[in-house]
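**Student:** predicted model follows, preceded by the sequence.
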Amino acid sequence: EFGHPEWIDFPRVDSINPSTGALVPGNGGSHDKCRRRWDLCDSPTLRYKSFAAFDRAMIHLEKAFGFVCAPHQWISRMDSADKMIVCERGDLVFVFNYHPTQSYTDYKVGCYLPGPYKVVMSSDEEVFGGYRNVTKDSNVAFQTHQGNHDNRPHAFNVYAPSRTVVVYAPADYVDADADKKPWGIPGLGVQGLGPYYAR
């Protein structure tokens, strides 16, 4: 229901709150507000199409890399002053910048695997409603260097625009033109089916 424009209220009857004993009024079993607006992502004038495109790309990124259940999961940085989170899930490095106005150049990111890395997905892609400040289409290889940064054996420097998440993958698994192929997913740069493709 993230981003849903209307109140969603499933049918319910009057009940008693067990902790306070107060009456919690129901809606008389009404189905009036019990609907989801699936048509919103089809409207060219609304941003819900960007939500739907991002959701689709994330699902396919998970199919390609299996990062949700990957045995290697590590949060290397949670900086509340910078409003940054850097985490590793499987082979991927996620860089979240939650700051509303501050972008960071040459932001040092720790990682476990040596590079090079490339952008495999960025919320700043135009298809996701972004401004293309960081895009997979740049096809830039981020070389790692050894050194203990955030308790990680390797590190590389990135540009982190405000209010974005950028996902970096080992360069061998990235194809910047993947979404231009007939089977490609818009905004996603996974080479072929990815290293751990799951159906």
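**Tutor:** The structure has been received and is ready for your questions. Residues are numbered from 1 along each chain as shown.
**Student:** can you give me the end-to-end span of stretch 118-132?
**Tutor:** 15 Å (CA to CA, to the nearest Å).
**Student:** state the mean pLDDT of it.
**Tutor:** Per-residue pLDDT over stretch 118-132 has a mean of 97.
**Student:** and for stretch 154-161?
**Tutor:** 98.
**Student:** report the buried residues of that stretch.
**Tutor:** Residues of stretch 154-161 classed as buried: 154, 155, 156, 158, 159, 160, 161 (neighbour count, 16 or more other CB atoms under 10 Å). C-beta coordinates here come from the backbone N, C-alpha and C atoms, glycine included.
**Student:** give me the element residue 58 is part of.
**Tutor:** Element membership of residue 58, judged by DSSP states H and E, is helix 48-65.
**Student:** give me the helices and strands touching that helix, please.
**Tutor:** strand 117-122 (3 or more CB pairs under 8 Å, 6 or more residues apart in numbering; DSSP states H and E).
**Student:** need the residues that contact the strand it packs on.
**Tutor:** Under the criterion CB atoms under 8 Å, 6 or more residues apart in numbering, residues 57-58, 61, 92-93, 111, 128, 130, 134-136, 138-142, 144, 156, 164-171, 173-174, 176, 187-190 lie in contact with strand 117-122.
**Student:** what does stretch 182-198 contact?
**Tutor:** 53-54, 56-57, 60-61, 63-66, 90-91, 118-122, 125, 127-128, 136, 169, 172-179.
**Student:** switch the cut-off to 6 Å
**Tutor:** The list of residues contacting stretch 182-198 from outside it, by CB atoms under 6 Å, 6 or more residues apart in numbering, reads 53, 57, 60, 63-66, 120-121, 125, 127-128, 136, 173-176, 178-179.
**Student:** so which bits of it are buried?
**Tutor:** Those would be 185, 187, 188, 189, 190, 191, 194, 195, for stretch 182-198 by 16+ other CB under 10 Å.
**Student:** equivalent analysis for stretch 115-133, please.
**Tutor:** So stretch 115-133, judged by 16+ other CB under 10 Å, has buried residues 115, 117-125, 127-128, 130.
**Student:** and the strands in this structure, which stretches?
**Tutor:** Ranges of strands within the chain are 15-16, 23-24, 73-79, 84-89, 92-97, 104-111, 117-122, 145-149, 152-160, 164-170, based on DSSP state E.
**Student:** quick one: closest of those to residue 33.
**Tutor:** Nearest to residue 33, of all those, is strand 23-24, at 16.5 Å by CB to CB.
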